[in-house]
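Asker: model this:
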Amino acid sequence: MHAGSDIVFTTNPQDVVNDPAIDIVVEAMGGEHPALELIMAAIANGKHVVTANKALIANHGTAIFAAAQKQGVMVAFEAAVGGGIPIIKAIREGLTANRIEWIAGIINGTTNFILTQMRDKGQDFAEALKLAQELGYAEADPTFDVEGIDAAHKLTIMSAIAFGIPMQFSAAHVEGITRITGDDVRYAGQLGYRIKLLGITRRTVSGIELRVHPALIPAKRLIANVDGSMNAVLVKGDAVGVTLYYGAGAGAEPTASSVIADLVDVTRMLTADPHSRVPHLAFQPENLSHEPILPMGEVHTRYYLRMRARDEAGVLADVARILADAGISIESMVQQEPGVGDGWVDIVMLTHQCAEKHIDAALQRIEAQSAIAGGVMRIRVEHLVG
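Answerer: Below is the predicted model of the structure:
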């Protein structure tokens with residue numbers, strides 16, 4: 001794209017990279033390679049870059065931004081996160097007066113659609129996934145979506161922009177929704193919660209939380225009522241409090257909306273005095289913060305626990321004792337009545353806040369009990385208050 005006029009489409013990216021008449025390169029290849037090599041070559045040739053490639057930015061963004069700063073060019077990537085939701089601009093510009101405290105979002109439409117179907121239609125995971133594929137919400141290979149990888153790419157980018165840290169996708173804790181059952185969705189509803197796949201990044205005194213996993217959210221929260229394939233992101237700033245950004249998180253037209261917005265931004269910058277430009281990023285590569293990513297064992301949150309227990313005296317007391325030994329208190333509990341002739345019952349608990357390492361140790365002991373069948377289902381609980 002020439003700064004004042006032309007848009008050029010080509011099947012040979014090298015033509016664009018080497019053409020001195022082209023100022024802006026829009027990378028639309030997807031994947032990490034050869035997209036990385038193309039973008040680095042474009043930057044080396046003094047060209048600005050617009051991309052929607054979330055995996056590329058999450059894994060190589062720090063090196064890309066450093067190269068861009070050295071060459072005095074811009075890399076714009078609004079479309080890489082949240083589809084048509086201008087969340088990067090909101091964090092980078094709209095909330096620039098704030099110290100960002102945390103971000104939590106539903107940032108994958110496929111998983112949100114599946115969980116909505118499981119709750120509203122009573123479908124199991126496999127049925128809901130099949131429908132998502134038929135409607136075009138899920139790929140033939142849905143791994144990146146249902147295992148949380150796509151959401152983790154987006155969260156990594158938002159975390160870096162919010163906290164001025166390097167892109168560290170490899171350090172993110174990532175869990176998907178494949179283990180969520182209809183029972184979990186139903187029990188969550190009975191307890192006043194809804195299950196969503198959340199991406200959460202939070203600044204703490206010990207480091208930065210960077211985690212993607214299913215979570216129970218109180219049903220009265222606005223974000224708990226974001227259904228279907230829609231996305232929503234909550235951002236907590238110290239001055240403004242909690243703000244919510246909602247919209248279509250994927251699709252050709254929402255993505256194109258963000259790409260065009262980036263093109264307009266870059267073109268405006270091209271016409272500005274280079275000495276008066278505000279840096280395009282909210283941080284500069286040479287001034288990155290090196291706050292550590294907090295190990296998941298050090299994260300503190302509440303938990304939903306579901307276990308299949310033998311219907312006999314003393315089992316519940318043994319479970320409660322194990323939790324108490326680990327310093328974990330029970331907030332509420334539901335015990336289902338056994339079916340006719342069934343000697344096993346579901347026990348569902350909500351705990352108070354505790355460190356993940358303590359719940360891990362307690363669950364290891366609980367699962368070793370002969371009166372507990374199989375593993376204990378554990379889902380984190382997030383209240384998302386200011």
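
Asker: CA only for contacts and neighbour counts going forward, please
Answerer: Fine.

Asker: okay, now the domains of this structure?
Answerer: Per automatic domain parsing, the structural domains of the chain span 13-84+252-287, 87-248, 298-380.

Asker: from the chain's centre, how far out does the second one sit?
Answerer: Counting by Cα atoms, centre = their mean, to the nearest Å, domain 87-248 is centred 5 Å from the centre of its parent chain.

Asker: same deal with the last one?
Answerer: Remark: domain 298-380 is offset 27 Å from the chain centroid, using Cα atoms, centre = their mean.

Asker: most packed of the domains of the chain?
Answerer: Comparing those by mean neighbour count (mean count of other Cα atoms under 10 Å), domain 87-248 comes out on top with a mean of 20.

Asker: which stretches of the stretch 1-150 of the chain aren't confidently modelled?
Answerer: Counting by pLDDT under 70, the stretch 1-150 of the chain shows low-confidence ranges at 1-16.

Asker: can you give me the helices in it?
Answerer: 13-18, 35-44, 54-71, 87-89, 109-120, 125-134, 143-146, 149-163 (DSSP state H, counting those that start in this stretch).

Asker: how about the ones you listed, which one is nearest Val226?
Answerer: Closest of the helices of the stretch 1-150 of the chain to Val226 is helix 109-120, at 8.2 Å (criterion: Cα to Cα).

Asker: Show me what the closest one is packed against.
Answerer: Using 3 or more Cα pairs under 8 Å, 6 or more residues apart in numbering; DSSP states H and E as the contact definition, the elements that helix 109-120 packs against are helix 125-134, helix 143-146, helix 182-190, strand 193-203, strand 230-237.

Asker: Could you provide the helices of the stretch 1-150 of the chain in JSON lines, with additional columns for distance to Val348?
Answerer: As requested, the helices of the stretch 1-150 of the chain are arranged in JSON lines below (distance: least, Cα to Cα, whole Å):
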{"stretch": "helix 13-18", "distance to Val348": "56"}
{"stretch": "helix 35-44", "distance to Val348": "47"}
{"stretch": "helix 54-71", "distance to Val348": "37"}
{"stretch": "helix 87-89", "distance to Val348": "36"}
{"stretch": "helix 109-120", "distance to Val348": "18"}
{"stretch": "helix 125-134", "distance to Val348": "20"}
{"stretch": "helix 143-146", "distance to Val348": "24"}
{"stretch": "helix 149-163", "distance to Val348": "28"}
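
Asker: For stretch 59-69, give me every contacting residue.
Answerer: Contact partners of stretch 59-69, identified using Cα atoms under 8 Å, 6 or more residues apart in numbering, comprise 36, 39-40, 43-44, 57, 74-75, 153, 166-170, 284-286.

Asker: returning to what we had before: quick one, which of the helices and strands packed on helix 109-120 is nearest to Ile372?
Answerer: Judged by Cα to Cα, the one of these that comes nearest to Ile372 is helix 182-190, at 17.2 Å.

Asker: by contact count, what packs against the closest one?
Answerer: Contacting helix 182-190 under the criterion 3+ Cα pairs under 8 Å, 6+ apart are the following elements: helix 109-120, strand 193-203.

Asker: Let's have the ones you listed in CSV, adding distance to Lys89.
Answerer: Conversion of those to CSV gives the following (distance: least, Cα to Cα, whole Å):
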stretch, distance to Lys89
helix 109-120, 20
strand 193-203, 18
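
Asker: out of the ones you listed, which comes closest to Ala97?
Answerer: Closest to Ala97 of those is strand 193-203 (Cα to Cα; 16.7 Å).

Asker: the inter-axis angle of that closest one versus helix 149-163?
Answerer: Between the axes of strand 193-203 and helix 149-163, defined by axes from the mean of the first three to the mean of the last three Cα atoms, to 10 degrees, the angle is 40 degrees.

Asker: which other helices and strands contact strand 193-203?
Answerer: strand 100-106, helix 109-120, helix 149-163, helix 182-190, strand 208-218.

Asker: of all these, which lies closest to Ala140?
Answerer: Distance to Ala140, taken as Cα to Cα, is lowest for helix 109-120 among the helices and strands packed on strand 193-203, at 12.1 Å.

Asker: hmm, back to that, with Thr351 as the reference, name the closest of the helices of the stretch 1-150 of the chain.
Answerer: Among these, the nearest to Thr351 by Cα to Cα is helix 109-120 (22.8 Å).

Asker: And the contacts of the closest one?
Answerer: Counting contacts by Cα under 8 Å, 6+ apart, the residues outside helix 109-120 that touch it are 106, 123-125, 128-129, 132, 137-138, 145-146, 177, 182, 185-186, 195-197, 227-231, 249-250.

Asker: Next, the angle from it to helix 149-163.
Answerer: Using the same axes, to 10 degrees, one finds that helix 109-120 and helix 149-163 are set 110 degrees apart in direction.
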